[in-house]
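Chemist: Using only what follows, build the 3D model:
(2 chains)
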Protein chains: 2
Amino acid sequence: MKKFEEKTIKSEKIFNGKVINLQVDEVTLPNGKTSTRETIKHPGAVAVIPITKNNKIILVEQYRKPLEKSLIEIPAGKLEKNENPLAAAVRELEEETGYTTKDLSFVTSFYTSPGFADELMYIYISDQLVKMDHPPQGDDDEFVEVHELTLEEAKQYVIEERIHDAKTNYAILYLHALGRM
Amino acid sequence: MKKFEEKTIKSEKIFNGKVINLQVDEVTLPNGKTSTRETIKHPGAVAVIPITKNNKIILVEQYRKPLEKSLIEIPAGKLEKNENPLAAAVRELEEETGYTTKDLSFVTSFYTSPGFADELMYIYISDQLVKMDHPPQGDDDEFVEVHELTLEEAKQYVIEERIHDAKTNYAILYLHALGRM
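Modeler: As a prediction, this is how the structure comes out:
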């Protein structure tokens, strides 16, 4: 859909980083006036809702520098270049939790913050998890602690804001809606 | 929670924009090594799930430059400096839909993309809407079209990815979970 399209007059690349790029576009608005738009370019991301045989959800706690605190989230990570989202989801599940699976189902996808970023998040679910003897190592600058919670415990963490991000709040609501756990 | 805290050694401000700021921090990791973290600073945002007397959800379609397409979303917007989230939610509802309300309930809040941004999104709901004779004008660079949809229509739009962002997918799932519409 191109309703209210904003055509780019000029585009300036401000920053090329490890994770994100920033550009500022000068655009023509639908009324003919001009404005500027600030855009973060992101490779996209995947997340997995992992359910154990005991009906617990596996979550990972990690420090989030932008917030200067740690959050407890479903396992997730950035897409590598040209990486298939399903393959990326298995990779992140293995690296962050030490479990693998042969059965991941697609739940949904969404843009996390379409006003300023193009990050698209793919969410999968699996209740067919197998503990790995030798899980692969993740990035050497990532430190995570694994939590296994009942759905009721996870809901309490949402109230306490230890779970407090879009994909994980969505996941907990999804499990509640399905009456799965 | 400060688990796995990453202490800032050096912080460089890269960009100060209309909507977002970008900084790059050099940090000490829990293992003593160093790394860099790219952070988008954002003022925070609010969104409203507006339900009409006829049990329809009011959504707004707008062009999202980062995606180069339009999306259909719950009304939302950035917090102004020192603005109360509840006041901001009423303001955005009025500006974008032409409805107002005296009864907004808090639903949840979440960080939209905690890996690289500090944007915190507050979500409210109201089914006590009053059409305004003279709604306030929003920003002069914002163009929106209002849609009123049944929950079933909105779910179909999620499947078609015309609804495709975190806060709106959350809102549709929330209404489904509540069995409200």
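Chemist: Report the distance from the helix or strand harbouring A:I72 to the chain centre.
Modeler: Following DSSP states H and E, the helix or strand that holds A:I72 is strand A:69-73. Mean C-alpha position of strand A:69-73 versus that of the full chain (C-alpha atoms, centre = their mean, to the nearest Å) differs by 13 Å.
Chemist: can you check stretch A:51-62 too?
Modeler: That offset, for stretch A:51-62, works out to 16 Å (C-alpha atoms, centre = their mean).
Chemist: and the end-to-end length of that stretch?
Modeler: 19 Å (C-alpha to C-alpha, to the nearest Å).
Chemist: Just checking that stretch against chain B, any contact.
Modeler: Yes: against chain B, stretch A:51-62 shows contacts by C-beta under 8 Å from any C-beta of the partner chain at A:61-62. (C-beta placed from N, C-alpha, C; glycine too.)
Chemist: Show me which residues of that stretch are buried.
Modeler: Buried positions in stretch A:51-62, judged by neighbour count with 16 or more other C-beta atoms under 10 Å in any protein chain shown: A:51, A:56-62.
Chemist: Stretch A:80-87 now?
Modeler: For stretch A:80-87, by 16+ other C-beta under 10 Å, it's A:P85.
Chemist: Against A:S11, how distant is A:K2?
Modeler: With distances taken as C-beta to C-beta, to the nearest Å, A:K2 is found 18 Å from A:S11.
Chemist: More neighbours: which of those two?
Modeler: Neighbour count, other C-beta atoms under 10 Å in any protein chain shown: between A:K2 and A:S11, A:S11 has more, with 12 against 9.
Chemist: Quick check on A:H164: phi, psi?
Modeler: phi -160, psi 40 (degrees, to the nearest 10).
Chemist: shouldn't it be in contact with B:T112?
Modeler: No: assessed by C-beta atoms under 8 Å, A:H164 is found out of contact with B:T112, at 10.8 Å.
Chemist: More neighbours: these two, which one.
Modeler: B:T112 (28 against 22).
Chemist: wait, what's in contact with that one?
Modeler: A:112-113, A:165-166, B:45, B:119-121, B:166-167 (C-beta atoms under 8 Å, 6 or more residues apart in numbering or on different chains).
Chemist: go on, A:V130?
Modeler: Going by C-beta under 8 Å, 6+ apart, the list of residues near A:V130 reads A:99-102.
Chemist: try 6 Å this time
Modeler: For A:V130, the residues meeting the contact criterion (C-beta atoms under 6 Å, 6 or more residues apart in numbering or on different chains) are A:T100.
Chemist: check which helix or strand covers it.
Modeler: strand A:129-131.
Chemist: follow-up on the earlier one: tell me which of the buried residues of stretch A:51-62 fall in strands.
Modeler: A:57-62 (DSSP state E).
Chemist: Could you pull out the buried residues of the lengthiest strand in chain A?
Modeler: For chain A, the strand with the greatest residue count under DSSP E is strand A:7-16. Neighbour counts over strand A:7-16 (16+ other C-beta under 10 Å) mark no residue as buried.
Chemist: average pLDDT across it?
Modeler: When pLDDT is averaged along strand A:7-16, the result is 98.
Chemist: tell me which strands and helices it is in contact with?
Modeler: If you count contacts as 3 or more C-beta pairs under 6 Å, 6 or more residues apart in numbering or on different chains; DSSP states H and E, strand A:7-16 packs onto strand A:21-28.
Chemist: so A:N31, which of the three states?
Modeler: Judged by DSSP: H, G, I helix; E, B strand; the rest coil, the three-state class of A:N31 is coil.
Chemist: Determine the three-state secondary structure at the spatially closest residue to it that is not a sequence neighbour.
Modeler: Nearest residue to A:N31 in three dimensions, chain neighbours excluded: B:F143, at 7.6 Å (C-beta to C-beta, 6 or more residues apart in numbering or on different chains). What three-state DSSP gives for B:F143 is coil.
Chemist: Done for today, thanks.
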